[in-house]
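**Student:** I'll drop the sequence and a predicted model, then ask my questions.
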Amino acid sequence: MRREWTVVVLVGAVLATGCVSNKKYQAALTEADNAKMELEKARQQKSAMEQQVRTLKELNVKFGNEAQTVRDELQRIEHGRDAERGAIEGRTKELEEKVKALTAQNRNVKQEYQDVKRNNDTLKSLVARYQKELKDRSHAGPAAAATVTPNQLASGTAQATPSASAAMNINKVSANDMVLFLGLKQDEAERIVSNRPYRVKGELVAKNVVPKETFDLIKDRISVTP
């Protein structure tokens with residue numbers, strides 16, 4: 001811009017003085033044209049740079065929006081991860097409690113199994129003993145069987161099983177014998193033993209030892225007399 005004005009001033013001065021030749025005049029005009037072209041070129045470069053600046057600003061805004069979107073998504077993922085972690089921890093605690101409960105239940109079941117196994121072994125032993133006594137009785141003959149009383153069987157002094165019509169003294173026989181010969185449940189037989197003695201058979205119902213239905217089934221096969 002300064003150079004253009006310099007050329008213009010020079011040309012004006014030359015024209016004013018009238019002391020310059022046509023050749024120099026043409027040279028001055030050429031230089032002025034070159035200056036104009038450079039000025040136009042500079043203007044174009046300035047316009048291109050301004051366009052680049054606008055493009056960069058737009059890209060900056062775009063990248064800023066994308067970065068904010070990424071930050072929001074990251075925050076959402078972190079929040080979801082924390083929520084999922086909390087749910088997993090809660091589920092883990094719940095499962096641990098279930099495992100503890102099942103472990104305790106398993107211990108109880110094992111204990112019950114051991115109790116049942118012991119009772120079963122006792123019953124097997126009784127069955128084997130009474131089978132042996134029955135075998136011995138069959139060898140001894142009918143007369144020996146007629147001499148056996150329920151009290152002898154309860155005390156273990158007899159070598160034979162009671163007959164179908166013999167009454168079992170519930171004040172003396174064991175719980176296992178009542179289970180075996182009266183068909184009682186183990187807990188019912190044990191309650192009968194723990195509530196002894198009985199003066200009359202009806203006390204089994206009066207003392208709530210066994211239900212009346214059970215008593216009706218066994219009343220004709222039991223006794224309370226010595």
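**Tutor:** Looks like it arrived, so ask away.

**Student:** distance from the helix ranked longest in the chain to the middle of the chain?
**Tutor:** Scanning the chain for the helix with the most residues, using DSSP state H, yields helix 22-140. Helix 22-140 sits 20 Å away from the centroid of its parent chain (Cα atoms, centre = their mean, to the nearest Å).

**Student:** what is the burial count for residue 183?
**Tutor:** 13 (other Cβ atoms under 10 Å). For every residue, glycine as well, the C-beta is placed using N, CA and C.

**Student:** quick one: contacts for it?
**Tutor:** 217, 218 (Cβ atoms under 8 Å, 6 or more residues apart in numbering).

**Student:** over to it: give its phi and psi.
**Tutor:** Torsion angles at residue 183 (phi, psi; degrees, to the nearest 10) stand at phi 80, psi 20.

**Student:** from residue 30, how far out is it?
**Tutor:** 138 Å (Cβ to Cβ, to the nearest Å).

**Student:** please apply the same query to residue 72.
**Tutor:** Counting by Cβ to Cβ - residue 72 and residue 30 are separated by 63 Å.

**Student:** can you check the pLDDT for residue 76?
**Tutor:** At residue 76, the model reports a pLDDT of 88.

**Student:** oh sorry, the question was meant for residue 131
**Tutor:** 65.

**Student:** and what of the one 3 residues further on?
**Tutor:** Residue-level confidence at residue 134 comes out at 63, pLDDT.

**Student:** spatially central residue for this protein, please.
**Tutor:** Centroid-nearest residue in the chain, with Cα atoms, centre = their mean: residue 95, separated by 3.2 Å.

**Student:** any idea how far residue 87 is from that one?
**Tutor:** Residue 95 sits 12 Å away from residue 87, going by Cβ to Cβ.

**Student:** also residue 107?
**Tutor:** Using Cβ to Cβ, residue 107 is found at 31 Å from residue 87.

**Student:** if we can go back for a sec, in contact with the residue nearest to the centre of the chain, which residues?
**Tutor:** By Cβ under 8 Å, 6+ apart, the contact list for residue 95 is empty.

**Student:** distance of it from residue 29?
**Tutor:** According to Cβ to Cβ, residue 95 stands 97 Å off from residue 29.
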